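Q: Sequence and predicted model, in that order:
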Amino acid sequence: MKSLLGVVLAVVLLAVGVGAGIYYGKSANGAAQSDSDKAAVDQAHQLLFYPMARFVASVSDENYSRYLVLELSLSTHSQTFLTQLDQQAPVLRNVLVKYFANTSREQAKQTFEDVNKVQQALLQKFNEALKLQGIDSKLEQVLVTNVYLQ
């Protein structure tokens, strides 16, 4: 009877051990899977940047040739949209030409006293131009990374 009780107790302990192993194995795998899910979500929320080529425009001045040099970075959360921006760069540069056409040096200087206003105006104009190209814009920000007015 003692040996039968010992065998039953051994089987029960073995079953509990296997069950605990399976339970903790799934928990560890679920945690690892959860971490990879979190990484995927973080990557989807990661802000991606598209640095535009330097933009140079002449600005009028009575006595001298003057230039506005502007460097911009555009931001989005969509990787596919980021690749579309590369193809649409000429359209975006055209927006910049239209925005700064016939601008005097003094007007350009006053314009960049409020950089946030310039960023918002360019964001709106870029999104409108992209929409005209049939692109559902996911452009979220226009960042002015460098301005030089000669």
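A: Arrived safely, thanks for sending.

Q: now the strands for this structure?
A: 48-51, 55-59, 66-76, 141-149 (DSSP state E).

Q: Name the stretch among those that sits most buried.
A: Burial of the strands of the chain is given as mean neighbour count (mean count of other Cβ atoms under 10 Å); strand 66-76 ranks first at a mean of 18. No exception for glycine: its C-beta is placed from N, CA and C like everyone else's.

Q: Please state the offset of that one from the chain centre?
A: 17 Å (Cα atoms, centre = their mean, to the nearest Å).

Q: Next, the angle from it to strand 141-149.
A: Orientation check (axes from the mean of the first three to the mean of the last three Cα atoms, to 10 degrees): strand 66-76 against strand 141-149 gives 160 degrees.

Q: packing partners for strand 66-76?
A: In terms of contacts (3 or more Cβ pairs under 8 Å, 6 or more residues apart in numbering; DSSP states H and E), strand 66-76 is packed against strand 48-51, strand 55-59, helix 79-87, helix 89-100, strand 141-149.
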